[in-house]
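Colleague: Show me the folded form of this:
(chains A and B)
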Amino acid sequence: MALGGIDYFIIIIYLIGTVLFGMYIGRKMKSGDDYFLAGRSLPWWAIGMSLVVTDIGAVDMVGIAGAAYLYGIVLGNYDWLGSVPVMIVGAFLFIPMFWKSKVSTIPEWLGARYNQSVRTISAVIWGVVTAFGLGVTLYATALMFNLLLDLNPKIIVVTESQSVREQVVDATGAGKTHDFVFLSDYGQIQKVIDDKDPNLVLIHQDWSGALSSESAIVSFNENEITPDWGESMMHKARPPTWTLMYSIIIMSVLIGTYTLFGGLKAVVYTDVLQCIVMLGGSLFVLFFGIYRLGGVSEFVSIIRSLGPRAQDHFDLILSVDTATPHPWSGIFLGLGLVLANAYWFGNQNMVQRTLGAKSEADAKASYVFGSFLKILIPFAMVIPGIIALAHDPNITDADKAMAILVKDILPTGALGLFFAAFLAGLMSSVDSALNSGATIWTKDVYQKFIKPNASPGDLLVVGRWITGVMLAIAIFFAQFATRFESIYDLSQTILSLFQGPSLAIIAVGMLWKRATGKAALVSLISGVIFAGTLMWVNSNASVPLFQVSEPFLYVAWWSFVLSIVILVVVSLNTPPEPESKLKGLVYRYE
Amino acid sequence: MNNVLLTSTALADTIANLFRGIGDLMRGWVLAIPLGVAKGIFIAYFILLIYWIIKLPENEVTLALDNGKIVHLRPFALFSLATIVVIYLVF
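Modeller: Numbering: from 1, shown residues only, chains lettered A, B, ... in the order given. I've put the predicted structure just below:
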């Protein structure tokens, strides 16, 4: 099913409406505080919805559904373990502490609690990671955008051999910029050509049947399959006339417009609209997808019938020696105890909107409300990935599973709604990261080092400039995201380098008044170096250090543990911080 | 170039060997835990949080809004955690 006129109408109305709405909300911007913290005026329900929709951006819609296609419901752990309990802890412990300290950024809090060196290092790390993360998000968007709008060239590969199919996938980079259809029944070639209208048909070994097609038709044998051959075949299909980069730039301009004008307030209130559209669209795919498969029991039996590849698809707890990147030990230690906590109260993207809450009550209530909404997310994101597997078990690039599912099953109109939902997810992630990254660079770098006496008006102007520069950097980084197999794993891998050490100094600093600034500095630097070393050793040693395919969960856990040990040991060997400095910055120490 | 690659692999192998012994030992311990017990660890964690929420002082879970209304956050937090316990029991 291709997009119809009504779909394009819905999409265009949604895009224009969101941009205008964002600009309207942010029309009275006068100062840096208005821009970065919405003048501390945000209510709990808006923050709660904004938190949820920011967390489930386009990366999740593409990456989590793709990973669920491969690995199953185990991906639900990222919300049910990685969000719900952690947000509740955050609501009653960490978030009120941040709010009461009246800071604008987490690095600013670290500066108050420890020292300015910790603040600066933390600010630079988060500023750079945010720009890189934005690039990944933009890349995910472009993939979906091109697939849904049918902008990729199509290649049909006809072969009875599974190994030849795998060789073609390897040689062509799993078809990130071209859409592949694999066919094993030679008698069906003409029918599939008529149906798909491909740009190129690749037929394994000699075949003498007559074909009526305007497509290029090439016979090949397995000895020819090399990366150069794959490249030349993709070029023969025709180079993409609409590249991923065009999609990235269009999205960047739309989002940049209202974020640049409206700041955090525009971000949060457009997120409310996007939360409704995205949850509605995704849950529609869930129910309609299961309905099209014949109901829940039919859906489960199709998955069960797929044999060993899907035997664990309905298990949240996977063995330590699972072939997936999600063993229970890594999920519990790395995700549940480290990455999730670091994400929900150590990540400026998330925490910033609670700093803009109009009261401590609103800040707390927003996280509790968000945790309630997060229970629904795996039903909207993970299970549709498994539905895609039941619908089509032969998708070669799992990151395209969700897009293929919605294109195949949704009727005209609903497809436009889903596409708008996807855009909602994308926009919410990008606008939040842009705003929080700009806040860090403006408050923790510009105001701290370049112009300490900057007026509120100066900060507003600089914040807007930095927003534009960050967007340009993100567009540059987006070109390199294609090198990684799964978008979601990529973003998690990057975060795992920094999140363990960051969480260690925030959590220990908030819970233990004996933690010192010097110790935090040593702990943060050592933790990041240790995490980077583990990743480097794992990919360069003759035998990988970790026995899972993507060890980011274990890296996060061990760098967290090391950072805590160093923080405690060095703190006990350095003079304590003055009592007066710690009041209001350590839990229950007013 | 090849020498550089060989050196980096050798260095990575040396560092990996430092960790591998203790890593394999710990992996053996974790592998010995049955999946049912592992699921129990997850559920125990949620129950621990439920206990913590129940024990929080009233002033930390009860909030006065601008319009004078009092909001009790504890029941909402407990509901979310209880739902998660049910989900982990099912899957």
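
Colleague: and the chain, what are its domains?
Modeller: With no chain named, the answer covers chain A. Domain assignment for chain A by automatic domain parsing gives A:5-149+A:245-322+A:359-476, A:154-241.

Colleague: oops, chain B please
Modeller: Taken from automatic domain parsing, chain B resolves into B:1-32, B:34-91.

Colleague: Do you have the helices of the stretch 51-200 of chain A handy? List them.
Modeller: With DSSP state H, counting those that start in this stretch, the ranges of helices along the stretch 51-200 of chain A come out as A:58-71, A:77-80, A:84-89, A:95-101, A:106-113, A:116-148, A:162-171, A:189-196.

Colleague: swap in the stretch 251-400 of chain A?
Modeller: Counting by DSSP H, counting those that start in this stretch, the helices of the stretch 251-400 of chain A are A:296-304, A:328-329, A:340-346, A:348-355, A:360-374, A:377-391.

Colleague: Turn those helices into a markdown table, including mean pLDDT.
Modeller: Compiled in a markdown table, these are given as follows (pLDDT from 0 to 100):
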| stretch | mean pLDDT |
| --- | --- |
| helix A:296-304 | 90 |
| helix A:328-329 | 88 |
| helix A:340-346 | 85 |
| helix A:348-355 | 88 |
| helix A:360-374 | 91 |
| helix A:377-391 | 90 |
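
Colleague: next one: stretch A:418-429 to chain centre, how far?
Modeller: Relative to the chain's own centre, stretch A:418-429 is displaced by 12 Å; criterion: CA atoms, centre = their mean, to the nearest Å.

Colleague: what's in contact with that stretch?
Modeller: By CB atoms under 8 Å, 6 or more residues apart in numbering or on different chains, the surrounding residues in contact with stretch A:418-429 are A:3, A:7, A:10-11, A:14-15, A:18, A:50, A:53-54, A:56-61, A:137, A:140-141, A:144, A:148, A:251, A:254-255, A:267, A:270-271, A:273-275, A:277-278, A:280-282, A:284-285, A:406, A:410. Quick note: C-beta positions are derived from backbone N, CA and C, even for glycine.

Colleague: quick one: contacts for A:Asp458?
Modeller: A:Gly32, A:Lys451.

Colleague: so it is in which element?
Modeller: helix A:456-477 (DSSP states H and E).

Colleague: Let me know the distance separating the nearest residue to A:Met381 once chain neighbours are set aside from chain B.
Modeller: With CB to CB, 6 or more residues apart in numbering or on different chains as the criterion, A:Met381 has its nearest non-adjacent residue at 4.9 Å, and that residue is A:Ile64. Distance of A:Ile64 to chain B, given as CB to the nearest CB, to the nearest Å: 16 Å.

Colleague: Double-check that A:Thr412 belongs to a strand.
Modeller: No - A:Thr412 is assigned coil when assessed by DSSP: H, G, I helix; E, B strand; the rest coil, not a strand.

Colleague: quick one: contacts for it?
Modeller: So A:Thr412 contacts A:Met1, A:Leu3, A:Gly4, A:Ile6, A:Asp7 (CB under 8 Å, 6+ apart).

Colleague: 6 Å instead, please
Modeller: The contact partners of A:Thr412, by CB atoms under 6 Å, 6 or more residues apart in numbering or on different chains, come to A:Gly4, A:Ile6.

Colleague: So it versus chain B, what's the distance?
Modeller: In terms of CB to the nearest CB, A:Thr412 sits 35 Å off from chain B.

Colleague: How much space separates that residue from A:Val128?
Modeller: 43 Å (CB to CB, to the nearest Å).

Colleague: Ok, B:Leu48 next?
Modeller: 36 Å.

Colleague: List the contacts of stretch A:46-57.
Modeller: A:137, A:268, A:271-272, A:274-275, A:278, A:353, A:357, A:366, A:369-370, A:373, A:377, A:425, A:428-429, A:432.

Colleague: Over to stretch A:357-373?
Modeller: In contact with stretch A:357-373 (CB under 6 Å, 6+ apart) are residues A:41-44, A:47-48, A:51-52, A:84, A:87-88, A:90-91, A:95-96, A:99, A:354, B:63, B:65, B:73, B:76-77, B:80.

Colleague: Narrow those residues to those that are buried.
Modeller: A:42-44, A:47-48, A:51-52, A:84, A:87-88, A:90-91, A:95-96, A:99, A:354, B:63, B:73, B:76-77, B:80 (16 or more other CB atoms under 10 Å in any protein chain shown).

Colleague: Can you list the low-confidence ranges for chain B?
Modeller: B:1-6, B:66 (pLDDT under 70).
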